[in-house]
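[1] What would the 3D arrangement of this be:
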Amino acid sequence: MNSMTPTLDLRYPIGKASPVTKLEPSERSARIDMIAALPSELEKAVEGLTDAQLDTPYRPEGWTVRQTVHHLADSHMNALTRLKLALTEDKPTLKPYDEKLWAELADASLPIEPSLAIVRAVHERWTTLLRSLEDQAFARLLVHPENGELTVDRLLEIYSWHGRHHVAHITGLRQRSGF
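    Just a heads-up that it's a prediction; the model follows:
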């Protein structure tokens with residue numbers, strides 16, 4: 001590798017999320033398709049991994065593959081709830097949670113199948129709901145205590161990136177480790 005070759009940031013293998021707050025309809029549709037595709041992409045990314053491989057961190061000081069799968073289930077359950085709050089309440093304030101501590105709880109050491117099932121089910125419901133929305137619904141606001149006001153479009157941008165981000169953690173580890 002020469003000095004002109006950029007180094008891969010293992011924390012952000014697909015780069016950081018875009019700060020978009022309003023999406024065009026075609027962009028919105030593409031992001032919804034990404035959310036719809038995540039369950040099968042995640043299942044493919046973890047297919048055939050042994051317990052030892054599932055317990056391998058995707059980067060130094062990072063989560064294991066197992067923790068990452070459980071994190072996606074936790075995070076995306078919260079995302080669906082956040083969307084529903086934004087659609088049914090006037091500028092709801094969200095409850096943040098400490099994802100790092102959640103990844104250390106006992107259920108993060110379970111087999112990944114329950115979380116894969118949660119991801120499949122949540123994404124089916126989430127995608128159905130997103131595809132049913134009128135354009136103006138994507139401008140609805142919610143308030144995150146740390147990040148301020150967010151639009152539904154912004155949530156869509158964040159979570160369409162989030163799933164791909166963690167799948168890239170897993171597939172990158174597999175490529176680097178020969179799993």
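
[2] Contacts for stretch 141-158, please.
    For stretch 141-158, contacts defined as CB atoms under 8 Å, 6 or more residues apart in numbering pick out 17-18, 20-23, 28, 31-32, 35, 79, 82-83, 85-87, 91-94, 96, 130, 133, 137-140. To be clear about C-beta, it is placed using only N, CA and C from the backbone, and glycine gets the same treatment.

[3] which residue ranges form the helices in the protein?
    Using DSSP state H, the helices of the chain run over 25-46, 51-54, 65-88, 99-102, 113-132, 152-177.

[4] still on that earlier bit, which ChimeraX command selects the buried ones in the contacts of stretch 141-158?
    A single ChimeraX command selects the buried members of the contacts of stretch 141-158 (16 or more other CB atoms under 10 Å):
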select :17,20,23,28,31,32,35,79,82,83,85,86,92,94,130,133,137,138,140
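
[5] would you list the helices of the chain in JSON lines and tack on distance to residue 11?
    Converted to JSON lines, those look like this (distance: least, CB to CB, whole Å):
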{"stretch": "helix 25-46", "distance to residue 11": "17"}
{"stretch": "helix 51-54", "distance to residue 11": "20"}
{"stretch": "helix 65-88", "distance to residue 11": "12"}
{"stretch": "helix 99-102", "distance to residue 11": "13"}
{"stretch": "helix 113-132", "distance to residue 11": "22"}
{"stretch": "helix 152-177", "distance to residue 11": "9"}
